[in-house]
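Novice: Sharing a model prediction with you, sequence too.
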Amino acid sequence: MDQNPYAAPRSRVDSDEVSYEAIEPASRGRRFLNFLIDYVGFILFSMFVGAVVGFTYPPAVYALQDAGTLANYVVGIPVWILYYLSQEALFGRTLGKLVTGTRVVSAAGGTPTFGQLLGRTAARYIPFEPFSFFGSDAVGWHDSLSNTRVIRTRR
């Protein structure tokens, strides 16, 4: 008897690791479309955050209008991190990935950890990182450094 009769029931869906060869990586075209959709999504999300801040504390909006580039980065980077990290941590995909039928997985094919998603989001700030997709495969630096991949979920 190799199974514990007192163990909780398990299904095959619970299996967190999937062979990476068994899943189809997202193409460069889908990855580029993800980038474009997420860029527009980020702009809309930033406008929403700005509207919420403007309605709750209007002097902050006026202060940011007169502030320099550094202040824009101080506000923009956390909003950028919030956009990507919250969606990928909660849903495994961003708005762009939802539209194109792709999702983020660990390199082994399982659910990525929060640390991997945080590293993935931080690696997006590497200069010229969007050009890392011009290599032979559609794996960017934010994928390889965080040990994650983007796969196709719909056929």
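Specialist: Perfect, thanks for sending it. Residues are numbered from 1 along each chain as shown.
Novice: Quick one: residues in contact with the lowest-mean-pLDDT helix or strand in the chain.
Specialist: Of all helical and strand segments in the chain, the minimum by mean pLDDT, DSSP states H and E falls on helix 58-66, at a mean of 80. With contact meaning CB atoms under 8 Å, 6 or more residues apart in numbering, helix 58-66 is reached by G50, V53, G54, A71, N72, V75. To be clear about C-beta, it is placed using only N, CA and C from the backbone, and glycine gets the same treatment.
Novice: Could you rerun that using 10 Å?
Specialist: G50, A51, V53, G54, F55, Y57, A71, N72, V74, V75, G76 (CB atoms under 10 Å, 6 or more residues apart in numbering).
Novice: E24 contacts G109, doesn't it?
Specialist: No. Counting by CB atoms under 10 Å, E24 does not reach G109; the two are 11.2 Å apart.
Novice: Compare the two (neighbour count), which wins?
Specialist: G109 (17 against 11; other CB atoms under 10 Å).
Novice: Are we agreed that the more buried one is in a helix?
Specialist: No. G109 is assigned coil when assessed by DSSP: H, G, I helix; E, B strand; the rest coil, not a helix.
Novice: Show me the shaky parts of this structure.
Specialist: Applying pLDDT under 70 to the chain picks out residues 1-2, 11-22, 136, 155.
Novice: returning to what we had before: so what's in contact with E24 and G109 at the same time?
Specialist: With CB under 10 Å, 6+ apart as the test, E24 and G109 both reach I151.
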